[in-house]
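In: Below is the sequence, then the predicted model.
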Amino acid sequence: MEPLQIAERLRERFPEDVREIKEFRDQVSVIVKRDHILDLLSFLKEEPDIQMDFLKDLTAVDWLGKKVPRFEVVYHLYSIKFRHLLRLKAEVPEEDPVIDSVMPIYIGANWHERECFDMFGIQFRGHPDLRRILLPEDWEGYPLRKDYPLEGYKGEKDWSGFREVLQIAKRNKKFDWYGAQER
């Protein structure tokens, strides 16, 4: 079954949830509402002639100023048995950036969802351990959001650990073999 056929089956099964189907350069994307993401993904995984049993990737897109709703959570799904690929994009509004965790369906979503939370600030309802994975716990803001300052926050909002890291680096400079060769 071709990805476009799978997308159409999804639209037939969930007509209220599938907002749009796009095909570009032989890749199919299905834009869906976030409300029934678990039902949509369960269908794609469990349907005998579809079997999207592998979540290749989960990420997000920030459409600040270009599209409403602002965020999309993007799921790249693959069927190992049938070798077909489908991209699902769940729309998530800025004022309520929450979507259900898909860990009950794809256990491998664990770290992907944590990274998406860490970088975009999207909450995954039902995730068993939703905390930062790449940045320190006390980091303020979400670096992959389009409105995040390019140079990071300055002044009071600056990460307190940064000054400490700089001081440690300065103290340890004397142990730098290359730095010692220059002296």
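Out: Sure thing, it's come through. Numbers count the residues shown, from 1 in each chain.
In: Give me the three-state assignment for Arg87.
Out: strand (DSSP: H, G, I helix; E, B strand; the rest coil).
In: quick one, what contacts the residue nearest to it when sequence neighbours are not counted?
Out: Among residues not flanking Arg87 along the chain, Ser29 sits closest, at 4.3 Å (CB to CB, 6 or more residues apart in numbering). In short, each C-beta sits where N, CA and C put it, glycine included. Neighbouring residues of Ser29 by CB atoms under 8 Å, 6 or more residues apart in numbering: Ile21, Lys22, Glu23, Arg87, Leu88, Lys89.
In: didn't the last one look like it was pressed against Val28?
Out: To tie it back to what came earlier, the one meant is Lys89. No - assessed by CB atoms under 8 Å, Lys89 is found out of contact with Val28, at 11.0 Å.
In: For the one helix or strand the residue nearest to Arg87 maps to, list every residue counted as buried.
Out: Here Ser29 sits within strand 27-33, counting by DSSP states H and E. Of all the residues in strand 27-33, those buried under the rule 16 or more other CB atoms under 10 Å are Val28, Ser29, Val30, Ile31, Val32, Lys33.
In: Make a markdown table from these and add distance to Glu95 to it.
Out: Below are the buried residues of strand 27-33 laid out as a markdown table (distance: CB to CB, whole Å):
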| residue | distance to Glu95 |
| --- | --- |
| Val28 | 29 |
| Ser29 | 24 |
| Val30 | 24 |
| Ile31 | 19 |
| Val32 | 19 |
| Lys33 | 15 |
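In: Now tabulate those in TSV and tack on pLDDT and distance to Asn172.
Out: Formatted as TSV, the buried residues of strand 27-33 follow (pLDDT from 0 to 100; distance: CB to CB, whole Å):
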residue	pLDDT	distance to Asn172
Val28	97	52
Ser29	97	48
Val30	98	51
Ile31	98	50
Val32	98	50
Lys33	97	52
